[in-house]
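Novice: need a structure here:
(2 chains)
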2 protein chains.
Amino acid sequence: MKKPSLTILGCHSSIPTEKFYPTAQILEIKGFYNLIDCGEGTQVQIRKSKIKFNKIINIFISHLHGDHYFGLIGLLSTFHLLGREKSITIYAPKGLKEIINIHFKLSYTKLKYYIYYIELSSQELEKIIDNDKIEVYSIPLNHRIYTNGFIFKEKPSNRKLNIEEIKKISSIKIKDYKSIKLGLDFKTNNGKIIPNSKLTFDPPKILSYAFCSDTSFHIPIVKYIKNVDLLYHESTFLKSEEEKAIKTGHSTAYQAAYIAKKANVKKLLLGHYSNRFTNIELFKKEAKEIFYNVETSVPLKKYYL
Amino acid sequence: MKKPSLTILGCHSSIPTEKFYPTAQILEIKGFYNLIDCGEGTQVQIRKSKIKFNKIINIFISHLHGDHYFGLIGLLSTFHLLGREKSITIYAPKGLKEIINIHFKLSYTKLKYYIYYIELSSQELEKIIDNDKIEVYSIPLNHRIYTNGFIFKEKPSNRKLNIEEIKKISSIKIKDYKSIKLGLDFKTNNGKIIPNSKLTFDPPKILSYAFCSDTSFHIPIVKYIKNVDLLYHESTFLKSEEEKAIKTGHSTAYQAAYIAKKANVKKLLLGHYSNRFTNIELFKKEAKEIFYNVETSVPLKKYYL
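Specialist: A predicted model of the protein is given here:
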């Protein structure tokens, strides 16, 4: 299984321009392609990323400000025009379903695929996906309107077979692999117990990702995102505009780094930059004042957990 | 006054891609900037065109298929974020107002400017603007859902003063210019009548533009668009795909040219190309089989009436 990766499609705030794309990103984790937010123009960014539309099976919308979802109706419409049949699940605040439905109603569009809506309204941590590969949680952020962050966690994998050792024991058949992968010891035909640790390697480490945008500087989120491998935290402003950040419900790069440090995350990824800043290295520089492992989001760049 | 011009922002059909932009264009006529249709990404195309957002005072939406209006909510939102105070008027089929309102309601946006909605539902020619500079009409097209074309006509200008001749007659004062421009003769202090034709030049010719997209091949529109100076008529397909055109309510380049010829227009501008055709010169070639003055729409190119 591939290492989870995050492809940034857009990482600027509010107004799309020729160079600045609003929030959208794709997290590939355990074979699941998850689109997180979908600002205007996201479908064209997905094309540029070379990720196939049909691979996306979940869409998460953090909140109903336009720079986080105005591209969704176009994307869903394109899925339809390209003949998509595979269903999709949209996790979004209450209200989005109504918007999408009214668009399709007015154009008399009968979709060729099914949209499942999971309407989010919790004010606490909520598990919204739990299957044998991943868990996803929504967490309350603190913005001007109801906004969720999302945490994605891999489920533990099976242990990996040590084929070289296994081949030395003739009574192990292929049908035994399943129980060995689950960690059970093996009993040979003549009753000898082979400890599992001799037959397997440890599975890969469980990885996790947290998306926190948009939010003001909000210490209560720290408890939810403790120790994640990658944290995307918005940094709309620099410290020099902290007042503006407070007024608009956003964070500075310094505040994002403070949260990263408090939560002991492995790596911090900054984004949702205000269009007023053209040099995004300034965000990194500011965050590095208190947290060592910082990267800046760049459209179409892929980041590994 | 400048000659009316049409700036194409997008001229492809259905799905936006890296190279293909859905329908949007700006007609500048007698100082009025009119946005016609507004597919996803239009706001970025407007930026590239260097036309200032604030100049646009009218928006015309032909029909509620996404490739003609999915960019509107983003554009209206951007107007708001940039502090627009000037009102705007949107001429669109019934239903659009509801869509826009629900978007803004869910994000708790209280717009800083006013939107006037003129809801179109006529099945006949209807005059929708009539001021001292221009007249605009909606006309019924024939597509899969309720769709309007639009005709823009300049109002006659005043006659132009022949300053050289006027200066020879000392009793003409500046206060007399108004009536002379309106075509009245002038009576000098000693009772001599100077015919207006001696004091003025003819005003510039009245120009007109017709937008017809999307529509199947529909002869009844000919009577509305007779003799216009520029006709934008959709040509989604080539003759080779005429069946597809019929099935989807679109036209071929040949059919667009047939309409142009029947209506005796000055110039035909083709557009709304299906993404399957990469060489748009083929559309021009086909149209030229029966109509001599054909141009192809190209994004960000300006066409004069």
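Novice: would you map out the domains in chain A?
Specialist: A:5-157+A:204-304, A:160-201 (automatic domain parsing).
Novice: chain B: which of those domains is closest?
Specialist: Of all those, domain A:5-157+A:204-304 sits nearest to chain B, with 4.3 Å by C-beta to the nearest C-beta. Just so you know, the C-beta spots here come from the backbone N, C-alpha and C atoms, and that holds for glycine as well.
Novice: and among the domains of chain A, the most buried is which?
Specialist: Comparing the domains of chain A by mean neighbour count (mean count of other C-beta atoms under 10 Å in any protein chain shown), domain A:5-157+A:204-304 ranks first with a mean of 20.
Novice: isn't residue A:166 up against residue A:173?
Specialist: No: using C-beta atoms under 8 Å, residue A:166 is not in contact with residue A:173, being 10.1 Å away.
Novice: while we're on the residue of chain A most remote from its centre, how confident is the model there?
Specialist: Here chain A reaches farthest from its C-alpha mean at residue A:190, the gap being 49.8 Å by C-alpha atoms, centre = their mean. pLDDT, residue A:190: 88.
Novice: could you do the one 10 residues further on as well?
Specialist: Residue-level confidence at residue A:200 comes out at 95, pLDDT.
Novice: and it, what does it touch?
Specialist: Applying C-beta atoms under 8 Å, 6 or more residues apart in numbering or on different chains to residue A:200 gives the contacts A:159-162, A:180-181, A:183.
Novice: so how far is residue A:177 from it?
Specialist: To residue A:177, residue A:200 is 10 Å away according to C-beta to C-beta, to the nearest Å.
Novice: so what sits against both of those two?
Specialist: Residues touching both residue A:200 and residue A:177 (C-beta under 8 Å, 6+ apart) are residue A:161.
Novice: now do stretch A:26-34: distance to the chain's middle.
Specialist: 8 Å (C-alpha atoms, centre = their mean, to the nearest Å).
Novice: CA atoms only: put that stretch into PDB for me.
Specialist: The C-alpha coordinates for stretch A:26-34 follow below in PDB (Å, rounded to 0.1, in the frame of the first residue of the first chain):
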ATOM      1  CA  ILE A  26      -6.900  15.600  -2.300                       C
ATOM      2  CA  LEU A  27      -5.800  13.200   0.400                       C
ATOM      3  CA  GLU A  28      -5.000   9.700  -0.800                       C
ATOM      4  CA  ILE A  29      -5.000   7.300   2.100                       C
ATOM      5  CA  LYS A  30      -5.300   3.500   2.000                       C
ATOM      6  CA  GLY A  31      -6.500   3.700  -1.600                       C
ATOM      7  CA  PHE A  32      -9.300   6.300  -0.700                       C
ATOM      8  CA  TYR A  33      -9.200   9.500  -2.700                       C
ATOM      9  CA  ASN A  34     -10.700  12.300  -0.500                       C
END
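Novice: quick one: average pLDDT of that stretch?
Specialist: The model assigns stretch A:26-34 a mean pLDDT of 97.
Novice: what sits against the closest residue in space to residue A:235 that isn't next to it in sequence?
Specialist: The shortest distance from residue A:235 to any non-neighbouring residue, by C-beta to C-beta, 6 or more residues apart in numbering or on different chains, is to residue A:253 (4.0 Å). Residues in contact with residue A:253 (C-beta under 8 Å, 6+ apart) are A:235, A:237-239, A:270, A:282-284, A:286-287.
Novice: can you pull the pLDDT of residue A:253?
Specialist: 98.
Novice: for residue A:1, same thing?
Specialist: Looking at residue A:1, its pLDDT stands at 67.
Novice: just residue A:210 next, same as before
Specialist: Here, the pLDDT recorded for residue A:210 equals 98.
Novice: of the contacts of residue A:200, which pair is most distant in space?
Specialist: Among these, the pair separated by the greatest distance (C-beta to C-beta) is A:162 and A:183, at 12.9 Å.
Novice: weakest of the domains of chain A by average pLDDT?
Specialist: domain A:160-201 has the lowest average pLDDT among the domains of chain A, namely a mean of 93.
Novice: tell me which residues touch the nearest residue to residue A:255 once chain neighbours are set aside, please.
Specialist: Among residues not flanking residue A:255 along the chain, residue A:217 sits closest, at 3.9 Å (C-beta to C-beta, 6+ apart). Going by C-beta under 8 Å, 6+ apart, residue A:217 touches A:245-246, A:251-252, A:255, A:258-259.
Novice: same thing but at 10 Å, please
Specialist: A:142, A:233, A:242, A:245-246, A:249-252, A:254-256, A:258-259 (C-beta atoms under 10 Å, 6 or more residues apart in numbering or on different chains).
Novice: mind listing which of these are in strands?
Specialist: residue A:233 (DSSP state E).
Novice: in helices, which of the contacts of residue A:217 fall?
Specialist: Members of the contacts of residue A:217 lying in helices (criterion: DSSP state H): A:242, A:245-246, A:254-256, A:258-259.
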